[in-house]
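Peer 1: Build the 3D model from these lines:
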Amino acid sequence: MYRTLCFATAVSILGLSSPALSQPTSSIEVDALAFGVPESVSNMDLSPDGSRAVFVGAGPGRTSIVYIADIAAGTTAAILSSRADPEALRWCGFVSNSRIACRYSAIVKSADGLIPASRMIALDITGKNVKELGQRASSFDWGIRQHDGSIIDWLPGDGSSVLMTRNYLPEGGLTGDSNISRTKSGLGVVRLDVSSLKVSSVEPPRRTVSNYMSDGQGQVRLMGIPEVSGEVMLTGRVKYDYRAAGSREWTKLVDYQDDQFHPLAIDASNDSLYALRKREGRFVLTRTKLGSGLAETIVATNPKVDIDAVVRIGDGQRVIGYTYADDRRHTVYFDPEFKALSTALGKALPNLPIVTFVNASQDGNKVLLFAGSDSDAGRYYLFDKTTKALGEILPARSGLAGRTLASVQSVTYPAADGPRSRPI
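Peer 2: Numbers count the residues shown, from 1 in each chain. Down below sits the predicted model:
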């Protein structure tokens, strides 16, 4: 059975120069409306030279809009829009100073009912030269192309290409005199030029692989292989193979396991894999050297809750800390430089003590960060390490800017399995 999934590319727009702003008011109705409006700035990214930012903002109704902000000039320009019919723009990131890649997604109809789907595109920061990054769909595709792939490495310093997983679907049922059809099937990795769309294979497509992970420096180092029962049913168990630096040989890292091990990131600066591993009922953060011996150390634990993610910075995605949540979310920086910087910025912004590092310029001198609190929706800032200058870019929720918000308080109450704490 051949099934085609129709998915339109988001449309370029002109004429919008800045995110829509709501006027502060004490009206309860308008206050409620302001809380219900999506973020005016989300998923911001910094250009390699640190001069521009790209982000997704909310437009009228369900519209999502991609903006480019000229940080020095203090201006924004809308370059791309989607009206959620059905697609919505999710995020964009800089591949070079002049070109970005974006993901959009939708719930769409197929022969099997409603299914989630997503696509990747690239375009200039002017909104022109929009190109699809995934393998083009064919009416002869044998199956549904829900997701066309994901960027797993932004290839810092390259300036035009990324490493991207690609879902390959074979073709079937061709008629006529042509014998040309696609036969590759499964998940592979390609090096893709986002301007010319020139593609070179990095990992051949394998039907047995569910995901790949790169070290942020152009080398694929980890491969996830789900367990299959009876050749058709996934059991939920996954094993992982890895490569040593500079090698093309795959070696077993962990055997098939059920929710005991979750790889998060590979940091090329110390040739290590950061992962969550179950210990005494809780996920702890571990670091494993991807060389001979696979020496594993525990980086962080919490006796009450799971460690849930790592924090990364820069195009090479160096790991600088981790996060967990109890009655509120916490970020802990173990990198000395960013630990000190977080403390200093927390003091410089006393009303916005929660500091999150988002990205950095290619030379590392300019840092994009987000600062907020329980009573402030937060703002994006650019910090210049050379001049020690800190400048606000935009508030995350312009409709709440200037409004007095209540502080979060936690309430602890007894439960059958011990005390529980919830924010109110």
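
Peer 1: This protein: helices as residue ranges?
Peer 2: 28-36, 336-348 (DSSP state H).

Peer 1: distance between the last one and the chain's centre?
Peer 2: Relative to its chain's centre, helix 336-348 lies at 24 Å (CA atoms, centre = their mean, to the nearest Å).

Peer 1: if we look at it, which residues are touching it?
Peer 2: 313, 320-321, 331, 333, 353, 355, 357, 367, 369, 371, 383, 390 (CB atoms under 8 Å, 6 or more residues apart in numbering). For every residue, glycine as well, the C-beta is placed using N, CA and C.

Peer 1: Now neighbour count, distance to residue 93 and pLDDT too, for those residues, in a markdown table please.
Peer 2: Shown next, in a markdown table, are those (neighbours: other CB atoms under 10 Å; distance: CB to CB, whole Å; pLDDT from 0 to 100):
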| residue | neighbour count | distance to residue 93 | pLDDT |
| --- | --- | --- | --- |
| 313 | 22 | 14 | 92 |
| 320 | 23 | 18 | 96 |
| 321 | 22 | 21 | 96 |
| 331 | 17 | 21 | 93 |
| 333 | 19 | 22 | 95 |
| 353 | 15 | 27 | 82 |
| 355 | 23 | 21 | 90 |
| 357 | 23 | 16 | 95 |
| 367 | 23 | 16 | 96 |
| 369 | 25 | 16 | 95 |
| 371 | 23 | 21 | 91 |
| 383 | 21 | 20 | 96 |
| 390 | 16 | 23 | 94 |
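
Peer 1: Could you chop the protein up by domain?
Peer 2: 1-206, 208-334, 342-424 (automatic domain parsing).

Peer 1: before we move on, the earlier item: taking the contacts of helix 336-348 one by one, which sit in strands?
Peer 2: Judged by DSSP state E, those include 313, 320, 321, 331, 333, 355, 357, 367, 369, 371, 383, 390 as members of strands.

Peer 1: Can you name the two of those residues that sit furthest apart?
Peer 2: Farthest pair in these (CB to CB) is 321 and 390. Separation: 19.9 Å.

Peer 1: what mean pLDDT does stretch 71-89 have?
Peer 2: Averaging pLDDT along stretch 71-89 yields 92.

Peer 1: need the contact list for residue 135.
Peer 2: Residue 135 neighbours (CB under 8 Å, 6+ apart): 145, 148, 149, 166, 167, 168, 169.

Peer 1: Sorry, wrong one. I was asking about residue 201.
Peer 2: 188, 189, 190, 191.

Peer 1: same thing with residue 198?
Peer 2: residue 192.

Peer 1: mind checking how far it is from residue 310?
Peer 2: 33 Å (CB to CB, to the nearest Å).

Peer 1: Ok, residue 185 next?
Peer 2: 33 Å.

Peer 1: likewise residue 83?
Peer 2: Applying CB to CB to residue 83 and residue 310 gives a distance of 35 Å.

Peer 1: So which of those two has more stuff around it?
Peer 2: residue 310 (22 against 16; other CB atoms under 10 Å).

Peer 1: So what sits opposite the more buried one in the bridge?
Peer 2: Note on residue 310: beta-bridge partners by DSSP bridges are residue 322.

Peer 1: surely it meets residue 324?
Peer 2: No: here residue 310 does not reach residue 324: they are 11.0 Å apart, not a contact under CB atoms under 8 Å.

Peer 1: wait, what's in contact with residue 86?
Peer 2: Here residue 86 is in contact with 106, 107, 108 (CB under 8 Å, 6+ apart).

Peer 1: With adjacent residues omitted, what lies nearest to residue 84?
Peer 2: residue 62 (3.8 Å; CB to CB, 6 or more residues apart in numbering).

Peer 1: quick one: pLDDT of that neighbour?
Peer 2: Predicted confidence (pLDDT) for residue 62: 86.

Peer 1: quick one: contacts for residue 391?
Peer 2: By CB under 8 Å, 6+ apart, the neighbours of residue 391 are 71, 381, 382.

Peer 1: Just the closest of the contacts of residue 201 to residue 136, please.
Peer 2: Using CB to CB, the contacts of residue 201 come closest to residue 136 at residue 190, 13.6 Å.

Peer 1: Identify the bridge partners of the closest one.
Peer 2: Going by DSSP bridges, residue 190 forms beta bridges with residue 164, residue 201.

Peer 1: buried set for stretch 355-367?
Peer 2: The neighbour-count check on stretch 355-367 (16 or more other CB atoms under 10 Å) flags 355, 356, 357, 358, 359, 360, 361, 362, 366, 367 as buried.

Peer 1: Kindly report the same for stretch 123-131.
Peer 2: 123, 124, 125, 127, 130.

Peer 1: for it, how far is the first residue from the last?
Peer 2: Length of stretch 123-131, first residue to last, CA to CA, to the nearest Å: 6 Å.

Peer 1: Go ahead and flag the most central residue of this protein.
Peer 2: Taking CA atoms, centre = their mean, the centroid of the chain lies closest to residue 91, which sits 7.7 Å from it.

Peer 1: Name the nearest residue to residue 385, sequence neighbours excluded.
Peer 2: In space, residue 385 is closest to residue 365, 4.9 Å off (CB to CB, 6+ apart).

Peer 1: For the one you found, which residues are in contact?
Peer 2: By CB under 8 Å, 6+ apart, the neighbours of residue 365 are 50, 384, 385, 386.

Peer 1: Show the buried residues in those.
Peer 2: With burial judged by 16+ other CB under 10 Å, the buried subset of the contacts of residue 365 is residue 50.

Peer 1: Just name the closest of the contacts of residue 365 to residue 293, please.
Peer 2: For the contacts of residue 365, the nearest to residue 293 is residue 385 (36.7 Å; CB to CB).

Peer 1: ok, the closest one touching residue 369?
Peer 2: No: counting by CB under 8 Å, residue 385 does not reach residue 369; the two are 11.7 Å apart.

Peer 1: Would you pull up how far stretch 191-206 lies from the middle of the chain?
Peer 2: Centroid separation for stretch 191-206 versus its chain: 20 Å, with CA atoms, centre = their mean.

Peer 1: a markdown table for the contacts of residue 365, including pLDDT?
Peer 2: Putting the contacts of residue 365 into a markdown table (pLDDT from 0 to 100) gives the following:
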| residue | pLDDT |
| --- | --- |
| 50 | 96 |
| 384 | 96 |
| 385 | 94 |
| 386 | 94 |
